[in-house]
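*Asks:* any chance you can model this:
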Amino acid sequence: MLKRKTKIVITGGGTAGHVLPHFVLVPFYKKAGWDILYIGTSGIEKQLVSEQGIRFRTIRAGKLRRHFSFQNFLDIFLVLWGTLQSLWILFREKPQIVFSKGGFVSVPVALAAWCLRIPVVTHESDLSPGLANKIIGKFSRKILCAFPDTLRFLPKDKAECVGLPVRSELASGSKDEAYAMCHFNPSDQRPVLLVMGGSQGAARINEAIEASLPDLLNNYRIIHITGRGKQNTKQGDGYFQIEYVSGALKHLLAITDFVLCRAGANSIFEMLVLRKPMLLVPLEIASRGDQVQNAKVFADKNWASVLRETEISPAKLSQSLNDLRSRAKSMQSSMEEFPAKNIAHSIFSILESIVLKLAS
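*Replies:* Numbers count the residues shown, from 1 in each chain. Here you go, the predicted structure:
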């Protein structure tokens, strides 16, 4: 028995992909009676966490860049300031463990935890570790990952492949809610194509959809999640657009037949679990190439088709969607081979074992 109530600090941010997996684990923390504190910046993580009713503390953090920029010099001081803020918060809160999902936000928190001898566990969603997790890994007790091939990049004595926790509620959507939300006719025989570019949207995907819309609507009804501030003026029978969706995504997925999206690990693993055939347009420009690697793994396993961002055009998009449609049954058959294990429970068990070991 633990002498005092266990407290966990969770961190990660910059994009929704560094935040949403945390929410899958929250029910396990609450069931075990753990206190939860989220440390992040005032960015997207603060908004998402506030919707969950989780206690939140704000710090400053500098963005980590792989290229030269004068902004890097300022960001060094922001990282140091964020580390000092994290030291004070962790000293006051006295958590037993810190769990990070990566992103530049989590570096000061992990560094501060290491200074205070609080164990850190981090999780890498992409095939190759990002810069933040490469740094955090040096201070971590355990490094978890989603792809088995990621293990070759990680120290053997710390690494473990556990998969990526996905939101189980995404499988519990209502078709009626979705039809009402999108103003779609349930008797319309056109399949539904869900288009999404991640929490920040995807300009190239948006532009290709807008240019192809009249032709695409001959064959599909389209749900277009554009990203905040990126809605267009296009209209059409069977075309619904929205800037951002959170809780209602499960309803939209209930009527979705095909998905066109980026290749961020969280999104593609969720579509894999839901057995949704995917056409992936991985981010290549101004990227370290992680989405290209993710997409290749999924394509090699016949879980998705891939269209390069640099090749996207109305004609190429139409051709790629037709190919996806013809391969859908084969793709879903391959997806069935993906093991439906309780990944969230496995991660919680690892965190709990570290806490119990330190308390004994």
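
*Asks:* tell me where the protein has strands.
*Replies:* Using DSSP state E, the strands found in the chain span residues 7-11, 35-40, 55-58, 97-100, 120-124, 142-145, 159-161, 192-196, 221-225, 239-242, 258-261, 278-280, 304-306.

*Asks:* neighbouring contacts of the helix or strand bottoming out on mean pLDDT in the chain?
*Replies:* Every helix and strand of the chain was ranked by mean pLDDT, DSSP states H and E. The lowest is helix 71-93, at a mean of 87. The contact list for helix 71-93 (CB atoms under 8 Å, 6 or more residues apart in numbering) reads 7, 9, 37, 39, 57, 59-65, 98, 107-109, 111-113, 115-116, 118. (Each C-beta comes from the backbone N, C-alpha and C, glycine too.)

*Asks:* strand 35-40 and that one, what's the angle between them?
*Replies:* If you take axes from the mean of the first three to the mean of the last three CA atoms, to 10 degrees, helix 71-93 sits at 160 degrees to strand 35-40.

*Asks:* give me the low-pLDDT residue ranges for the chain?
*Replies:* By pLDDT under 70, the low-scoring segments of the chain are 1-3, 62-73, 198-201, 286-287, 340.

*Asks:* care to break it down by domain?
*Replies:* The record, using automatic domain parsing to delimit domains, assigns the chain the ranges 7-165, 169-335.

*Asks:* and the ones you listed as TSV, adding distance to Ile350?
*Replies:* Listed next are those as TSV, based on distance: least, CB to CB, whole Å:
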stretch	distance to Ile350
domain 7-165	6
domain 169-335	18
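
*Asks:* out of those, flag the one nearest Ser360.
*Replies:* Closest approach to Ser360 among the domains of the chain is made by domain 7-165 (12.3 Å; CB to CB).

*Asks:* how far is that closest one from where the chain is centred?
*Replies:* On the basis of CA atoms, centre = their mean, to the nearest Å, domain 7-165 sits 13 Å off its chain's mean C-alpha point.

*Asks:* ends of that domain, how far apart?
*Replies:* For domain 7-165, the first-to-last residue distance is 21 Å (CA to CA, to the nearest Å).

*Asks:* what do you get for stretch 120-138?
*Replies:* Terminal-residue distance, stretch 120-138 (CA to CA): 10 Å.

*Asks:* give the buried residues for that stretch.
*Replies:* For stretch 120-138, a neighbour-count test (16 or more other CB atoms under 10 Å) marks 120-130, 132-137 as buried.

*Asks:* which ones among the residues you listed lie within helices?
*Replies:* Members of those lying in helices (criterion: DSSP state H): Ala132, Asn133, Lys134, Ile135, Ile136, Gly137.

*Asks:* doesn't Thr122 make contact with the second one?
*Replies:* Yes - in this structure Asn133 lies within contact range of Thr122 using CB atoms under 8 Å: 5.7 Å.

*Asks:* shared neighbours, the two?
*Replies:* Common neighbours of Asn133 and Thr122 (criterion: CB under 8 Å, 6+ apart): Ser100, Gly102, Ile143.

*Asks:* residues in contact with the residue nearest to Thr6 when sequence neighbours are not counted?
*Replies:* Closest residue in space to Thr6, ignoring its immediate chain neighbours: Trp34 at 4.6 Å, by CB to CB, 6 or more residues apart in numbering. Counting by CB under 8 Å, 6+ apart, Trp34 touches Lys5, Thr6, Lys7, Ile8.

*Asks:* just the buried ones from the residues you listed?
*Replies:* By neighbour count, with 16+ other CB under 10 Å, the contacts of Trp34 hold Thr6, Lys7, Ile8 as buried.

*Asks:* distance to Leu217 added to these, as CSV?
*Replies:* Formatted as CSV, those follow (distance: CB to CB, whole Å):
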residue, distance to Leu217
Thr6, 53
Lys7, 52
Ile8, 47
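
*Asks:* so which of these comes closest to Glu337?
*Replies:* Nearest to Glu337, judged by CB to CB, of the buried ones among the contacts of Trp34 is Ile8 at 33.7 Å.

*Asks:* in contact with the closest one, which residues?
*Replies:* With contact set as CB under 8 Å, 6+ apart, Ile8 has these partners: Tyr29, Trp34, Asp35, Ile36, Leu37, Pro95, Gln96, Ile97, Val98, Phe99, Leu351.

*Asks:* pick the one among the residues you listed closest to Glu207.
*Replies:* The closest of the contacts of Ile8, once distances to Glu207 are taken by CB to CB, is Phe99, at 37.8 Å.

*Asks:* burial count for that closest one?
*Replies:* Neighbour count for Phe99, taken as other CB atoms under 10 Å: 29.
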